[in-house]
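**Q** 3D, please:
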Amino acid sequence: MRRQKIVLYVGCILVLSLIAFIMIIFTNKDSDSDNITISNVKAVAYYGVSALAGPVDSHLVFIDEDGDVDHLKTENVEWGTVINTKDKIVMNGIKEIMNWDKQTEEMKQIASECEIYASYGYSSDYLEAKDIYYEIFNQGFQNPDSNLVDYRSTIRWGNEADHYCEDIPVYSIADGNDEEHVYVMTSEIDELGIPKNLEIIQYNMEDASLSDNRTFLREEGFEISHSRIVSEGDFLYVLYFQFADVNDVMGERQMRLLEINKEEMQITNDYVLHTYNYEEDPYYFPYNKDSLTIHDGVLYYSNGYGEIHTVDLETGEQKLQFSLPESEIGMYDNHKNIQINGNTIYYFYYDDDQEIHVLESYTLDGEMVDRLEISELMKELGEKGPEKFLFNFKVID
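**A** Next comes the predicted model:
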């Protein structure tokens with residue numbers, strides 16, 4: 001009898017301790033999210049580390065119009081993204097989706113049936129025509145011994161009311177949308193490491209239903225995109241890197257612009273924009289995928305070195321528009337971002353001389369219109385802030 005009482009007593013203590021522990025966790029989590037102010041948020045930055053680092057915190061930073069910051073630690077999602085909808089700011093977590101209401105500032109969490117750990121970087125957006133957001137996640141091989149044959153990704157989509165997810169058997173090298181459909185490009189990789197057989201897949205989301213239409217584009221593939229897939233009128237555009245000679249992986253590499261007719265799903269143009277020697281690094285800044293826009297028939301893009309270039313889509317004429325300051329390769333490249341929203345170019349970087357972060361905005365002609373100093377961001381990131389990688393940066397407009 002005495003032994004049973006002791007066991008019962010110890011059991012009660014363990015249960016009460018567990019309840020207290022859970023309450024502490026949820027209280028702290030709610031407290032953090034409740035303290036976030038987004039009524040006058042200017043931009044959101046997401047810092048993290050490689051998924052191989054294990055269970056570590058990432059940093060979701062809300063920057064207001066005065067340069068002040070609110071900071072929330074979250075579970076690390078490699079190359080995770082921030083989604084800006086008409087009335088929400090959305091962030092995908094490993095097992096949940098966080099929604100901040102822009103008006104009430106209330107944060108709601110939605111549990112997801114699909115667990116994720118890594119995104120593709122800038123592989124999310126808001127489909128205004130359907131009032132849903134989406135994000136594509138990199139899950140890896142179903143069979144580790146295969147060669148991109150059994151690759152698996154996950155796509156989440158929905159809104160505050162309904163949320164869905166589904167695995168898709170594809171490795172994304174580029175993705176984007178036309179505000180109604182989501183497009184994903186993929187290539188096979190042969191035994192020599194050369195990409196081949198370029199395809200594009202159009203995904204359509206209707207409530208819980210996900211349908212796709214896959215189209216073969218050409219035998220020559222590519223390895224990495226430099227931008228999202230952008231829609232303009234009847235065409236899709238994407239910046240990408242490719243070997244000048246696909247059989248010479250140690251030779252020159254090129255930055256190109258691919259143009260695809262949406263109705264026929266055929267390539268109509270493949271512009272060569274820049275050629276790099278093998279010793280150069282054309283992969284510098286490769287995840288800056290929001291640095292492309294189209295305005296009045298002219299395509300504007302950043303080549304990764306802080307240069308803004310243009311392509312006249314009617315004549316094919318190319319020119320250097322202007323260069324951004326402080327854009328040379330340096331020790332804080334992992335804190336840089338160039339984003340083009342409509343007619344405005346936003347340049348976010350760490351000013352090493354002033355030891356502060358800065359958000360500058362420019363016209364498409366290169367005239368600076370605003371400079372916002374963000375003095376406390378590195379402090380918020382902590383002692384290892386300089387080592388954190390800027391996975392995503394989103395100007396909220």
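**Q** In contact with the most centrally placed residue in the chain: list those residues for me.
**A** By CA atoms, centre = their mean, the chain has its centre lying nearest to residue 122, at 2.0 Å. By CB atoms under 8 Å, 6 or more residues apart in numbering, the residues touching residue 122 are 81, 228, 287, 289, 290, 392. For glycine as for every other residue, the C-beta is placed from the backbone atoms N, C-alpha and C.
**Q** helix, strand or coil for the nearest residue to residue 236 once chain neighbours are set aside?
**A** Counting by CB to CB, 6 or more residues apart in numbering, the nearest residue to residue 236 once its immediate chain neighbours are dropped is residue 260, at 4.4 Å. Assigned with DSSP: H, G, I helix; E, B strand; the rest coil, residue 260 falls in the strand class.
**Q** for the stretch 101-250 of the chain, what spans make up the strands?
**A** Per DSSP state E, counting those that start in this stretch, the stretch 101-250 of the chain carries strands over the ranges 107-111, 119-127, 132-141, 151-158, 163-168, 174-177, 182-189, 195-206, 209-220, 224-225, 229-232, 235-243.
**Q** Adjacent strands (with direction) for the last one?
**A** Spelled out, it's strand 235-243. Note on strand 235-243: by DSSP bridges, its sheet partners are strand 224-225 (antiparallel), strand 229-232 (antiparallel), strand 253-261 (antiparallel).
**Q** could you give me the average pLDDT of the first one?
**A** Spelled out, it's strand 224-225. For strand 224-225, the mean per-residue pLDDT is 85.
**Q** Give me the residue ranges of the stretch 151-300 of the chain where confidence is low.
**A** Low-confidence segments of the stretch 151-300 of the chain, defined by pLDDT under 70: 193, 246, 281-287.
**Q** pLDDT below threshold where in the stretch 1-150 of the chain?
**A** In the stretch 1-150 of the chain (pLDDT under 70), the answer is 1-35, 54, 143-149.
**Q** Helices of that one, start to end?
**A** In the stretch 1-150 of the chain, the helices defined using DSSP state H, counting those that start in this stretch lie at 2-34.
**Q** Which residues are in contact with the closest residue to residue 111 other than its chain neighbours?
**A** Closest residue to residue 111 apart from its sequence neighbours, by CB to CB, 6+ apart: residue 96 at 5.4 Å. Applying CB under 8 Å, 6+ apart, we find residue 96 in contact with 109, 110, 111, 112.
**Q** let's see it at 6 Å
**A** 109, 111, 112 (CB atoms under 6 Å, 6 or more residues apart in numbering).
**Q** Take the residues you listed and lay them out in a markdown table including neighbour count and distance to residue 87.
**A** Formatted as a markdown table, the contacts of residue 96 follow (neighbours: other CB atoms under 10 Å; distance: CB to CB, whole Å):
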| residue | neighbour count | distance to residue 87 |
| --- | --- | --- |
| 109 | 14 | 17 |
| 111 | 9 | 21 |
| 112 | 19 | 21 |
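**Q** Arrange these in TSV, one row each, with distance to residue 335 as further columns.
**A** Formatted as TSV, these follow (distance: CB to CB, whole Å):
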residue	distance to residue 335
109	28
111	33
112	30
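**Q** Tell me the one of those nearest residue 43?
**A** Of all these, residue 43 sits closest to residue 109, with 22.5 Å by CB to CB.
**Q** what's the distance between the closest residue to the closest one other than its chain neighbours and residue 252?
**A** Closest residue in space to residue 109, ignoring its immediate chain neighbours: residue 96 at 4.8 Å, by CB to CB, 6+ apart. From residue 96 across to residue 252, the span is 46 Å (CB to CB, to the nearest Å).
**Q** Residues contacting stretch 241-256, please?
**A** Here stretch 241-256 has contacts from 194, 222, 224, 240, 270, 272, 273, 274, 275, 276, 278, 282, using CB under 6 Å, 6+ apart.
**Q** need the contact list for the fifth one.
**A** Going by CB under 6 Å, 6+ apart, residue 270 touches 256, 258.
**Q** Checking my notes, it in a strand, right?
**A** Yes: assessed with three-state DSSP, residue 270 lies in a strand.
**Q** bridging residues for it?
**A** residue 258.
**Q** all helices of the stretch 251-397 of the chain, in order?
**A** Under DSSP H, counting those that start in this stretch, the stretch 251-397 of the chain gives helices at 377-381.
**Q** Leaving out the residues flanking it, which one is nearest to residue 274?
**A** Going by CB to CB, 6+ apart, residue 274 has residue 255 as its nearest residue, at 4.3 Å.
**Q** How many residues are close by the one you found?
**A** 20 (other CB atoms under 10 Å).
**Q** Look up how far residue 289 lies from it.
**A** From residue 255 to residue 289 the distance is 13 Å (CB to CB).
**Q** you'd agree residue 186 is up against residue 170?
**A** Yes: contact criterion CB atoms under 6 Å: residue 186 and residue 170 qualify, at 5.0 Å.
**Q** Quick one: neighbours of the residue lying closest to residue 386 once chain neighbours are set aside, just the number.
**A** Distances taken as CB to CB, 6+ apart put residue 332 closest to residue 386, at 6.9 Å, once the chain neighbours are dropped. For residue 332, the neighbour count with other CB under 10 Å is 15.
**Q** you'd agree residue 358 is up against residue 351?
**A** Yes: Residue 358 lies in contact with residue 351 (CB under 6 Å); the separation is 5.0 Å.
**Q** who's more crowded, those two?
**A** A count of neighbours by other CB under 10 Å puts residue 358 above the other of residue 358 and residue 351, at 19 against 16.
**Q** That one: what's it in contact with?
**A** 351, 373.
**Q** Please apply the same query to residue 301.
**A** Applying CB under 6 Å, 6+ apart to residue 301 gives the contacts 239, 291, 292, 309.
**Q** out of those, who has the most neighbours?
**A** Result: residue 239 is most packed of the contacts of residue 301 (other CB under 10 Å), 26 neighbours.
**Q** re earlier: are any of the contacts of stretch 241-256 buried, and which?
**A** With burial judged by 16 or more other CB atoms under 10 Å, the buried subset of the contacts of stretch 241-256 is 194, 222, 240, 274, 276, 282.
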